[in-house]
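Enquirer: Show me the folded form of this:
(chains A and B)
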Amino acid sequence: MTTAVRPAARSWPVPLPDSIGIWPLLAALLVFFMLPAASIISNSVTEPENAGLSNFRAVLTDPTFAIFAINTVRTAVLVSIVCAALGYFYAYVMYRSSPGVRAILVFCALLPLCTSLLVRSFAWTVILRDTGIVNWILINTGVVSQPVGLLRTSFAVTVGMAQILLPFSIFPAYVSMARFDGTLLRASRSLGAGPVRSFLEVFFPATRVGLVAGTVLVFVLSLGYFITPVLLGGPGDQPIAVLIDAQVTSLLDWGAAGAMSAIVTFFVLLFLAIGWRAVSRIFFA
Amino acid sequence: MKTSSTSQIRKASGYRSLVTSLLMTPILIILLAPSLIIIPMSFTKVPFLSWPPKGFSAKWYARLFDSPEWLASLWHSVEVALLSTIIAVLLGVPAGVSLALKQWPGKQFVLALIITPLVVPTIVVGIGMYKIYAWLGLFDRSGLVAAHVMIGVPLVVVTTMSAARQVNPVLLRAARSLGAGPVSTFFRVTLPIISSGVLSGAVFAFVSSWDEVVIAKFLSSPTYETAPVRMWAQITERVDPTVAAVSSILFAAALLLMISLMVVERVRR
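Expert: Prediction:
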């Protein structure tokens, strides 16, 4: 037996469970994250006292909330579609490039992550404003004579958020492509499928998991965006996050804030759960 | 016959690369423009941000470094980011190693739990922490550090996990059979192998704290602001090129960190 030849290990007097490494983190998560999140969500039924479900009833029948909810979903859907299309394409170009070009593309996709979300949103305000670079180009090339109002539009919010979230769809898509067995494509070509059919019936199904994982992440993250819509959007682009902020900072209505937080968090976790298989296959396998 | 078909293929791939570059150019511009535009804007002479920047002047940087409030906020950002990174590494590395190398039930659930701080909207997390941290007696620095540990630690766990997957379990069994205890095995075998994963996790955690504004907005006070919080207040009130100067500094710092990470990785390999 191997145990017989093992010298006496300098070990803890009591055997440690294999999961010991996880416990300090779980304890910290419980106190410093779960407790705050649970407390704000439980506010929905405890503020004011004995509120019951009255906060949910009030929020769900409030037309303002409906408008902000529609804004949130519309922006999230638009951003997810843009990121899915551009991210998958970008990843495909990376996959087909030589190692040198690929390294440059990786760097270009990582560079935005070095710039804070706040700085990038602020930069878009500088780019898109009436005296900004886009209008400067449009006017100097004679396309328009008057500046085009680009800032404070859904377009600005979509571009700004898509730029920030694009790396989240590029990398999962690329991971799934890098794992793809290239000989399958050659096999499909040699069996008579053309390049388009090989792509659609062999390559795409095998790499769809990366597309799904990235899109789920982008969608879930864009449901909670706050900074970018505030800086780039108009009154018709403001998401629920802004409404929650207003409940707490100006209306001091913790019950309504709690109910709205509960609703958004529920949908975030729901969509994450739906996409979890794809996400965990990309990130943890 | 043969030559014509190769030239056709060449022509087809020429069209393809033309279409590819036509599509890639706008994507690359959109990806890079916001990061790069701020730097020229920060050197403008005039007190407003319009394109093209007029003249060349470093006066907004001078104004920044003359302002005790901006300097204090930059220092607070460094302090919070460093402390929260250290704690995130201390909590995240054992967790990542345990998730990757040990067998125990409920891993998927625990993993999902660790990731949640990254996906739950920051506004929800922020107002929750605002309430509970006050009750726990965490203010200013301690509160910000605790909050930023929560958003940094998932990144450390994920990078540590992927590095720890590369560890050959035979090495660990060998160390144990040669008499090393679990602690000494961890420090002398596992840690050296996973150190580059730990390092990138630490850099990501640092950058995520360095950038974070929504939670920080709720946890900071007028006497203890981080640079992004002060910037946010400035942007929503009035904008002058000082904000562009701070942005350039934040960008340069994060970029320097990322590049040194890449260099370190290359040297080690």
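
Enquirer: CA only for contacts and neighbour counts going forward, please
Expert: Will do.

Enquirer: Which helix or which strand is home to B:Ile29?
Expert: Assigning secondary structure by DSSP states H and E places B:Ile29 in helix B:2-42.

Enquirer: That helix vs chain A: in contact?
Expert: Yes: under the criterion of C-alpha under 8 Å from any C-alpha of the partner chain, chain A is reached by helix B:2-42 at B:Thr20, B:Met24, B:Ile27, B:Leu28, B:Ile30, B:Leu31, B:Leu32, B:Pro34, B:Ser35, B:Ile37, B:Ile38.

Enquirer: Surely the fourth one is in contact with A:Cys108?
Expert: Yes: here B:Leu28 reaches A:Cys108: they are 7.2 Å apart, a contact under C-alpha atoms under 8 Å.

Enquirer: circling back to that earlier point, mind putting the residues of helix B:2-42 next to chain A in TSV, pLDDT, neighbour count and distance to B:Asn168 included?
Expert: Converted to TSV, the residues of helix B:2-42 next to chain A look like this (pLDDT from 0 to 100; neighbours: other C-alpha atoms under 10 Å in any protein chain shown; distance: C-alpha to C-alpha, whole Å):
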residue	pLDDT	neighbour count	distance to B:Asn168
B:Thr20	86	14	41
B:Met24	91	16	40
B:Ile27	92	18	41
B:Leu28	93	16	39
B:Ile30	89	18	42
B:Leu31	90	23	39
B:Leu32	90	19	40
B:Pro34	88	24	43
B:Ser35	84	24	41
B:Ile37	87	19	46
B:Ile38	85	26	46
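
Enquirer: if we take those, which one ends up nearest to A:Arg120?
Expert: When those are compared for distance to A:Arg120 (C-alpha to C-alpha), B:Pro34 wins out at 5.4 Å.

Enquirer: can you pull the contacts of that closest one?
Expert: By C-alpha atoms under 8 Å, 6 or more residues apart in numbering or on different chains, the contact list for B:Pro34 reads A:Arg120, A:Ser121, A:Ala123, A:Trp124, A:Ile127.

Enquirer: So which of the residues you listed would count as near chain B as well?
Expert: Within the set of these, contact with chain B (C-alpha under 8 Å from any C-alpha) is found for A:Arg120, A:Ser121, A:Ala123, A:Trp124, A:Ile127.

Enquirer: quick one: the nearest residue to the first one once chain neighbours are set aside from A:Pro147, how far?
Expert: Right, the one you point to is A:Arg120. Once flanking residues are discounted, A:Arg120 sits nearest to B:Pro34: 5.4 Å by C-alpha to C-alpha, 6 or more residues apart in numbering or on different chains. From B:Pro34 over to A:Pro147 the distance is 20 Å, taken as C-alpha to C-alpha, to the nearest Å.

Enquirer: Could I get the full set of helices for the stretch 101-250 of chain B?
Expert: B:107-119, B:122-136, B:140-164, B:169-177, B:182-185, B:191-211, B:214-219, B:227-237, B:241-268 (DSSP state H, counting those that start in this stretch).

Enquirer: next structured bit after the lengthiest helix in chain A?
Expert: With DSSP state H applied, the helix covering the greatest number of residues in chain A is identified as helix A:63-96. Helices and strands here follow DSSP H and E; after helix A:63-96, the next one along the chain is helix A:99-114.
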